[in-house]
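Chemist: Give me coordinates for this.
(one chain, ligands or ions: 1)
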Amino acid sequence: MIRTHGLVKRYGTHAALDGVDLEVPAGSVYGLAGPNGAGKTTLLGILAGLRKATEGEVTVAAETGEVAVLPDTPRFDPWLTGREVVALALTLGSGTHSVTTREDAERVDEVLEQSGLTDAARRRCGGYSRGMLQRLGIASTLVARPSLILLDEPASALDPQGRREVLDLINTLRGHATVLFSSHILGDVQEVCDTVGILHHGRLLFQGPLSDLLVGRAVPRYELRVRDGADAVAGALSREAWVSSATAAEGGIVHVEVRSLADAERHLMGALAATGASVVSMRPEEVSLERAFLELTS
Ligand SMILES: Nc1ncnc2c1ncn2[C@@H]1O[C@H](COP(=O)(O)OP(=O)(O)OP(=O)(O)O)[C@@H](O)[C@H]1O
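Modeler: So this is what the prediction gives:
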């Protein structure tokens, strides 16, 4: 759905994006994770056609009218009510000048409700809090049922309850639209995204299925459970050149951190068999996105 090749954006001499090859599969919920200043807003801005790339290619396989963009700090005319803002967004998307049909009016009410704004819908948005404005931005973004949705930090101004609601809302879009959202809150990305890109200092350090990152790619670790002799197993494994650490824990558990997943897949079974231990279970350990991120960026 989206592809960039060798994307570079320079502000003066500073490279905010430095050779980004992004690939967002159609129908995915793609999380662009990265700390402040990583280049997320710049990248989304280029994809949305709001900023110009310095170098590189950008392909977005969607008509302009099917793309909806939510900036990180959405702004609206303060004298409009929330409902008027969302209705306006729907009419802009449809090319008409006002919400005239019953279906359109119902659609406006539906997204206002999904965004938690029903009670405030008839108040002027100039009096909305930052969190409410973010909800209003989300409602306006979704109302015309776009096929590609670009969300820049959609939950950053919200309290935990609001964040939960936005994440649930994004989850409901799965299968109906392609969603690319940026966030520096890694827990949010881990919760709703199936595909993830880790952006750091303008470079994509990882991109692919979230499960690939959490199971093995960034921190290849295994959890073994042996019937007995966990200390001896940990000692034997830690002498292997491809093992960076092996430690025994309670209940016959041995945590094994390896230098590469490929080496572990090739040698772990043999090394374990050589210890003569009775192996109850063996599985790659899933790490949190936060840990994977720290490993990748340190
Ligand atoms: N208009 C601009 N002029 C000059 N430098 C800019 C401009 N916009 C962004 N930058 C710089 O480019 C880098 C990337 O900024 P960007 O806003 O894209 O990052 P971000 O990941 O979205 O950060 P945040 O999470 O804080 O919004 C930063 O170093 C920033 O200072």
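Chemist: Shouldn't Glu240 be within a helix?
Modeler: No: going by DSSP: H, G, I helix; E, B strand; the rest coil, the assignment for Glu240 is coil, not a helix.
Chemist: neighbours around the closest residue to it other than its chain neighbours, how many?
Modeler: Setting aside the residues directly before and after it, Glu240 is nearest to Ala271 in space (Cβ to Cβ, 6 or more residues apart in numbering), at 5.5 Å. All C-beta atoms are positioned from the backbone trio N, CA, C, and that covers glycine. Neighbour count of Ala271, defined by other Cβ atoms under 10 Å: 18.
Chemist: Extract the residue ranges of the stretch 101-250 of the chain that are flagged as low pLDDT.
Modeler: Along the stretch 101-250 of the chain, segments meeting pLDDT under 70 span 216-219.
Chemist: just the strands in it please.
Modeler: 148-152, 178-183, 195-200, 203-209, 221-226, 243-249 (DSSP state E, counting those that start in this stretch).
Chemist: on that earlier part again, identify the residues contacting the residue nearest to Glu240.
Modeler: Shown in contact with Ala271 (Cβ atoms under 8 Å, 6 or more residues apart in numbering): 236-237, 240.
Chemist: Now for the residues you listed, which sits with the most neighbours around it?
Modeler: Of the contacts of Ala271, with other Cβ under 10 Å as the count, Leu237 tops at 25 neighbours.
Chemist: what's the distance between the residue nearest to it when sequence neighbours are not counted and Gly229?
Modeler: Counting by Cβ to Cβ, 6+ apart, Leu237 lies nearest to Ala246, which is 4.0 Å off, once chain neighbours are set aside. Ala246 sits 13 Å away from Gly229, going by Cβ to Cβ, to the nearest Å.
Chemist: ok, the two, which is more surrounded?
Modeler: Per other Cβ under 10 Å, whichever of Ala246 and Gly229 has more neighbours is Ala246, with 22 against 17.
Chemist: Please verify my assumption that that one contacts Ala232.
Modeler: No: contact criterion Cβ atoms under 8 Å: Ala246 and Ala232 do not qualify, at 10.8 Å.
Chemist: For stretch 273-286, report the contacting residues that lie outside it.
Modeler: For stretch 273-286, using Cβ under 8 Å, 6+ apart, the contacting residues are 214-216, 220-229, 232-233, 236-237, 252, 255, 261, 268, 272.
Chemist: The same query, at a cut-off of 10 Å, please.
Modeler: Here stretch 273-286 makes contact (Cβ atoms under 10 Å, 6 or more residues apart in numbering) with 211, 213-216, 219-230, 232-237, 240, 251-258, 261, 264-265, 268-269, 272, 292.
Chemist: Helices - which of the residues you listed land there?
Modeler: Taking DSSP state H as the definition of helices, the contacts of stretch 273-286 contribute 211, 213-214, 230, 232-237, 261, 264-265, 268-269, 272, 292.
Chemist: now the residue in the stretch 101-250 of the chain positioned nearest to the ligand: how far from Thr41?
Modeler: For the stretch 101-250 of the chain and the ligand, the shortest gap (Cβ to the nearest ligand atom) falls at His184, measuring 5.3 Å. Going from His184 to Thr41 by Cβ to Cβ gives 11 Å.
Chemist: Thank you kindly, that will do.
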